[in-house]
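In: Return a 3D structure for these sequence lines:
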Amino acid sequence: MKIKQFNDPKYNKIAMYVIVTSVIIFALCTIFSLSGGFFKKIFNVLGLVLHPIISGGIIAYLFEPVIQKLEKLFKGNAARPIAVVITGVVILAVFIGGLVLIGVSIRRQSTSIKIDTSNFGALVNSLGLQISEVNAKVQAWLSENSGIFGRIFKVITGFFGNLSDSVSNLFFAVIFGIYYLLDSDNIGRYWSHVLDVFVKPESQNKAREIISDLDRCFSGYIRGKLADAALVFVMVSIAMLISKIPYAFVIGLMTAIGNLIPFVGPIGGIIALLVICLSEGLMSKFVVAAVVLIVLMQIDANVFNPRLMSRSISIHPLLVFSAMIAGGAIGGVTGMLVSAPIAAFLKIRFDKYMAQKAALTTGQ
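Out: Purely as a prediction, here's the structure:
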């Protein structure tokens, strides 16, 4: 009699689902363990394929607002391709200009350094060593520490291997991003059709509403970051001009680009400032200019940036601060980058839920 009390079809169904799920998980774990590196290779290949595809989508999403603005300046079917080409040329010009500036600064600095080797032998003799003794000691040290060079060589080859992979992924990501930007209308219609096929009709409006809210938050966040970068460019450039630092606009541009990533702005600006001061022999002005730059970045980080973010994504500056702290604790720099738009999205969904509850309460 007691056994029949537990013979409930509802609980039996749940128990069966649990058992079947456990068996499937056990079977998958067994297959993975017996397959060696086969599935690992498959996942690696999928990662290599998906990485540029996803990165290209992110690039296209970031530049889509710019393309739409430029597209309005032209007419006809060629409007979007022209906008994409103009945007690409500007970005390429800025990138090449930055590389040229760095190269010129390094060249100037390297030519200004002169090493006097005429008294090198006298210096060695003054230390009580002959050239032959120095050579013997160097050879002995090399033989004793040969393993260090092997590890250094391994680290260097690994670094350049990762660098080549990163450059290759970036290249293909840019190709995918250009393709997405050129054919965004057809891609949008395709995924809208996918949504219609796989999502129930009663849930389609809800899904589109959620997607619209996400787009609103992230696009607003991007607009806020770009506006903040423009403000940083103007402030830093004017400050460097007043400080009589050459290439003031370049320092402002490097700081503005770095400021798109939390905590990178001051570092990028100070590195550019240091390179320019070294190449121009203005190290006496470096400390003052660096302090001015850091102060400006602190003002931006604590005053202008939160207010611009709050206006772009319609949330209070305190919520922006809280979201960035939480995002940094969870996901580091990446978490800080996406924390503000995610917080804005959650706030929008919460506000809509509260409005629905209030409407139901009023209706009752």
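In: Every contact and neighbour count from this point should use C-alpha atoms.
Out: OK.
In: Now do the SS call for Lys244.
Out: coil (DSSP: H, G, I helix; E, B strand; the rest coil).
In: and it, what is it in contact with?
Out: When contacts are counted by Cα atoms under 8 Å, 6 or more residues apart in numbering, Lys244 is found next to no other residue.
In: The helix or strand harbouring Ser22: what's the following helix or strand?
Out: Remark: Ser22 resides in helix 9-34, with elements defined by DSSP states H and E. Once the chain leaves helix 9-34, the next helix or strand it forms, by DSSP H and E, is helix 38-71.
In: distance between stretch 299-319 and the chain's centre?
Out: Going by Cα atoms, centre = their mean, to the nearest Å, the spacing between the C-alpha centre of stretch 299-319 and its chain's C-alpha centre is 20 Å.
In: Only the buried residues of it, if you could.
Out: For stretch 299-319, burial by neighbour count (16 or more other Cα atoms under 10 Å) applies to 300-301, 304-310, 312-315, 317, 319.
In: pLDDT of it, averaged?
Out: Taken as a whole, stretch 299-319 carries a mean pLDDT of 77.
In: Also stretch 182-199?
Out: Per-residue scores along stretch 182-199 average to 80.
In: how about it: buried residues?
Out: Of all the residues in stretch 182-199, those buried under the rule 16+ other Cα under 10 Å are 182, 184, 195.
In: Return the closest of those with respect to Thr21.
Out: Thr21 lies nearest to Leu195 out of the buried residues of stretch 182-199, by Cα to Cα, at 28.0 Å.
In: Please work out the angle formed by the directions of the host helix or strand of that closest one and helix 38-71.
Out: Element membership of Leu195, judged by DSSP H and E, is helix 184-198. On the basis of axes from the mean of the first three to the mean of the last three Cα atoms, to 10 degrees, helix 184-198 is oriented at 130 degrees to helix 38-71.
In: Give me the contacts around helix 184-198.
Out: 180, 204.
In: CA atoms only for it - export them in PDB, please.
Out: Taking C-alpha atoms only, helix 184-198 is exported to PDB below (Å, rounded to 0.1, in the frame of the first residue of the first chain):
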ATOM      1  CA  SER A 184      23.900  43.600 -43.500                       C
ATOM      2  CA  ASP A 185      20.400  43.900 -45.000                       C
ATOM      3  CA  ASN A 186      20.300  40.400 -46.400                       C
ATOM      4  CA  ILE A 187      21.900  39.000 -43.200                       C
ATOM      5  CA  GLY A 188      19.300  40.700 -41.100                       C
ATOM      6  CA  ARG A 189      16.500  39.300 -43.200                       C
ATOM      7  CA  TYR A 190      17.900  35.800 -43.000                       C
ATOM      8  CA  TRP A 191      18.200  35.800 -39.200                       C
ATOM      9  CA  SER A 192      14.700  37.300 -39.000                       C
ATOM     10  CA  HIS A 193      13.500  34.400 -41.000                       C
ATOM     11  CA  VAL A 194      15.400  32.000 -38.700                       C
ATOM     12  CA  LEU A 195      13.700  33.600 -35.800                       C
ATOM     13  CA  ASP A 196      10.300  33.100 -37.400                       C
ATOM     14  CA  VAL A 197      11.000  29.400 -38.100                       C
ATOM     15  CA  PHE A 198      12.400  28.300 -34.700                       C
END
